[in-house]
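*Asks:* need coordinates for the following:
(chains A and B)
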Amino acid sequence: MLAYYFQLGLRSLRRNPWLTALMVMAIGVGVAASMITWSVFRAVSGNPIPDRSAQLFTPQVDNWGPQNNHDGEPPDGLDYVDAMALMHEHQARRQTLLYAVQLAVSPGGDRSLPLAANGYAVDGDFFPMFEVPLRYGSAWSAADDQARAAVVVLSAELNQRLFGGADSVGRTVTLSGHDYRVVGVTRHWNPQPRFFDLFSTNGFDDATDFYMPFSRALDLQLRTAGRNSCRGKLSFTTWDGWLQSNCVWITAWVQLDNPADVSTYHRFLESYAAAQQHAGRFDWAPNVRLRDVAQWLDYQHVVPPESRISLMVALGFFVICLVNTVGLLLAKFLRRAGEIGVRRALGATRREIYLQYLIEAGAVGLAGGVIGLILTSVGMASVGILFEPQIARLAHLNLSLVALTLLLAVVATMVAAFYPAWRAARVQPAWQLKSN
Amino acid sequence: MSLQIKPILAALRRHKAGTLLIALQIALTLAIVCNALFIIHDRLAHIGEASGVDEASVFVIHNQWGGDQSEQEIDAQVRADMAALRQLPSVRDAAPASGYPLQGGGWDNFITMTPDQVKPTTDSAVYGGDEHLIDSLGLQLVAGRNFRPDEVATMGDQQMVIPPVVIVTRALADRLFPDGSALGKSFYAMGATPSTIIGIVQTMHRQGTSTWDRPYAGQALIWPLRRADTRGLYYVVRAKPGELAEAMREAPRALYAQTRMRIIAGKDGIQDYARIRQRAYDRDRGMAILMGVICTVLLAITAAGIVGLTSFWVGQRRKQIGVRRALGARQRDILGYFLTENLLITGGGVLLGLVLAVGMNLWLIVRFASQPMPIAYLGVGVLLLVLLGQGAVLAPALKASRVPPVEATRSV
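*Replies:* Have a look, this model is predicted:
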């Protein structure tokens, strides 16, 4: 019976081609607009490290004070003094500091020109904490951190360019005039958004080329390639002067496995800040934060407002398309009041009429879904016009999106058909038969 | 033509569902179209901001160093690079720079009027460059003088050098000294020593285009600093008129002839201002396009919906129309009936839509720090939808007006 209703539905769609085309196009365009903006929103609002996001925390300490901080919030990064002190106390199971560095791979082999390489100075814990997948070798050890070793972990991309993707562990790479021993090579790894460095990036960037020990980067006095934010009067003229200034440029991360550890660490931060106040370095009460990945992404507004606004507008647009469909379905169904009257008189129950028209609407929805799918894939190809390249490339059409598009179109159209189908089912057979 | 509002209302009461649906559709459309138009206008105004740069002739080279040179070596290389670039036949002028307008973000300092003032007066974008920077960017010096070569200092990696002289934009000068007396006055930019204003340029955009920059729009200063930064720096090059492409080809060749231990990235290493501007306003342009497309399609769908539903009503009422015609109604009476009917429905929808439009704008203000929408957008939106409604209903109404009086006698 359902198959028969579906056939009837298709036949009826052919009867008013203009009206049908209008409905199908409206649903298709509405679904496509929603899906395109949704796919971008999904990409930028995703959890980059789902199984560990609740255990990773970034501590913040207010070293600027109420006069200089932003609306009472501590700065987004740490200064050198606080960062080193927090690491020194080692109150978390795993911990790392990090900042962005920019070096050049010296010419060699068949390359006559140096190669730009963007990396991070991190501690050895960085790799197990953030579950960085390693293709060859391993992360460096805590002993390497201590020894300020000249070691490096290459990304799959840089390893491909320098060593053709071969196992390069043990080989030497020269970065800006200094030699480093390769201890590990990662697989492709570029979590989006880049939750661990929202201080210097907006969360969406090209894959990193290499990782080197934080302690080694300090020895080489490698200046941050990321943000450096200061307050008050700046008077430093040397590297050490800069380190002792209130400039923030370091991000810290700690792994805290359970709520007890979290509150212990929070108390530790409070007492650290209190000690600084006591020592006269801060002349304000402790003002610290300990945010996990989700809170940090939210606080840093990683999802661009454009993405949210366009998703809301597209959904509003879809609602209008549905209101439009309700009106057109109403017109279409009631135009066939005579036919309904005949069917009712021949014994069809209201339920059956209701079912038939819902299924007919489902057919419209399916057709709209197919149009929507075509428009979505066209839109995906041109999403680069609407968003900046780093974000546009995250949006892609996959199986779940295809299924969602079709499902949304069919379900939404059938919901829209509830009222028109109900009206159709209430047609009085006697009335219709009389006037003919 | 007498207005037949009473009979129309009576008829509409028999089509409650259809009437409500059209009114609702118009209301939602009005809410979205008003806000979308406002977003488009806001973004386009942003995109059109003047940079102050001679954009037709200027390009920027991002030069990174490839080895482990000392600051002295880097400074010497920058000077040699400049000499090489300025000698090129297609190049008018070139300068080293710490950043450039519309770069997307960069160096900015807070400004105070006294050294011990705690709360900053305002914020200014900071550009470091030599005495060629103003000409290389094509900025317009409207008061005072340019830097002298002997005023240009070298700034190493980790040094905070505060030069005693500074050139500011008109916007910053007026912000600090509203009475127009900025020239010769001094201020503090996060340093212990003041900088004295020796020149004022008409316009120089900040590096950033973000919401952080908005309250400080147009506020920028140039310090006579040549940065000996081990990571690299920017070369701003101004081609002779019409020779931009030629200069963009010649410049990297001239630089590599100096030394090959440098990196000028293939993709973004050399950018002309058309590209810089395009990248700076990626998001704004994308938003404007998306809102434009949604507006257009939305209006088309709403119009089509009105045509569809009105055609259905005309089909349903053929008999009644025939009766009216037989009783003496003229074609234009029938036409007027449907136009008026649509006007009433649109009017209802528009009233609801105005409330929704303001509500949506408030939501954008609270959630996204958007600006309040000027009343004019509501006016334009209402006008647009009324015209759209009347236009959409015209075809079915004309069809209705051509129903012959003889229809009254059929099938009764």
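
*Asks:* what's the pLDDT at B:Val323?
*Replies:* Note for B:Val323: predicted pLDDT of 89.

*Asks:* so it makes contact with B:Ala408?
*Replies:* Yes: the criterion here is CB atoms under 8 Å, and B:Val323 meets it with B:Ala408 at 4.4 Å. (C-beta placed from N, C-alpha, C; glycine too.)

*Asks:* which phi and psi does the spatially closest residue to B:Thr203 that is not a sequence neighbour have?
*Replies:* The shortest distance from B:Thr203 to any non-neighbouring residue, by CB to CB, 6 or more residues apart in numbering or on different chains, is to B:Gly52 (3.4 Å). Dihedral angles of B:Gly52 (phi, psi; degrees, to the nearest 10) stand at phi 80, psi -10.

*Asks:* and the biggest helix by length in chain B, which residues are buried?
*Replies:* Assignment by DSSP state H gives helix B:331-368 as the longest helix of chain B. Neighbour counts using 16 or more other CB atoms under 10 Å in any protein chain shown place B:334-346, B:348-350, B:352-354, B:356-358, B:360-361, B:364 of helix B:331-368 among the buried residues.

*Asks:* close to chain A, is the helix or strand hosting B:Ile40?
*Replies:* Assessed by DSSP states H and E, B:Ile40 sits inside helix B:16-47. Yes: applying CB under 8 Å from any CB of the partner chain, one finds helix B:16-47 touching chain A at B:17-18, B:21-22, B:24-25, B:28-29, B:31-32, B:35-36, B:39.

*Asks:* what's the domain layout of chain A?
*Replies:* Domains of chain A are assigned by automatic domain parsing as A:2-47+A:304-435, A:63-255.

*Asks:* no, scratch that, I was asking about chain B
*Replies:* Domain ranges of chain B: B:5-48+B:283-409, B:58-280, per automatic domain parsing.

*Asks:* which residues touch stretch B:355-370?
*Replies:* Contact with stretch B:355-370 is made by A:305, A:308-309, B:27-28, B:30-32, B:34-35, B:38-39, B:42, B:211, B:371-373, B:377-378, B:381, as judged by CB atoms under 8 Å, 6 or more residues apart in numbering or on different chains.

*Asks:* can you do 6 Å?
*Replies:* Contacts with stretch B:355-370, where a contact means CB atoms under 6 Å, 6 or more residues apart in numbering or on different chains, come from A:Pro305, B:Ala27, B:Leu30, B:Ala31, B:Cys34, B:Asn35, B:Met373.

*Asks:* please enumerate the strands of the chain.
*Replies:* Just so you know, I chose chain A. A:56-61, A:94-105, A:115-122, A:134-137, A:151-154, A:172-175, A:178-186, A:210-213, A:251-255, A:288-292 (DSSP state E).

*Asks:* to clarify, I was referring to chain B.
*Replies:* Going by DSSP E, chain B shows strands at B:58-65, B:91-97, B:108-111, B:122-129, B:141-144, B:153-155, B:165-169, B:186-187, B:195-201, B:220-227, B:232-239, B:262-263, B:270-272.

*Asks:* mind putting the ones you listed in a markdown table, mean neighbour count and mean pLDDT included?
*Replies:* Conversion of those to a markdown table gives the following (neighbours: other CB atoms under 10 Å in any protein chain shown; pLDDT from 0 to 100):
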| stretch | mean neighbour count | mean pLDDT |
| --- | --- | --- |
| strand B:58-65 | 22 | 95 |
| strand B:91-97 | 24 | 97 |
| strand B:108-111 | 22 | 94 |
| strand B:122-129 | 24 | 96 |
| strand B:141-144 | 15 | 96 |
| strand B:153-155 | 18 | 91 |
| strand B:165-169 | 25 | 97 |
| strand B:186-187 | 19 | 96 |
| strand B:195-201 | 20 | 97 |
| strand B:220-227 | 26 | 95 |
| strand B:232-239 | 24 | 96 |
| strand B:262-263 | 22 | 93 |
| strand B:270-272 | 20 | 96 |
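
*Asks:* and these: which comes nearest chain A?
*Replies:* Chain A sits nearest to strand B:262-263 of all the strands of chain B, at 4.6 Å, using CB to the nearest CB.

*Asks:* could you find the closest non-adjacent residue to residue 82?
*Replies:* Reading this off chain A. A:Val61 (4.8 Å).

*Asks:* if you could check chain B rather than the one you did, that'd help
*Replies:* B:Ala94 (5.8 Å).
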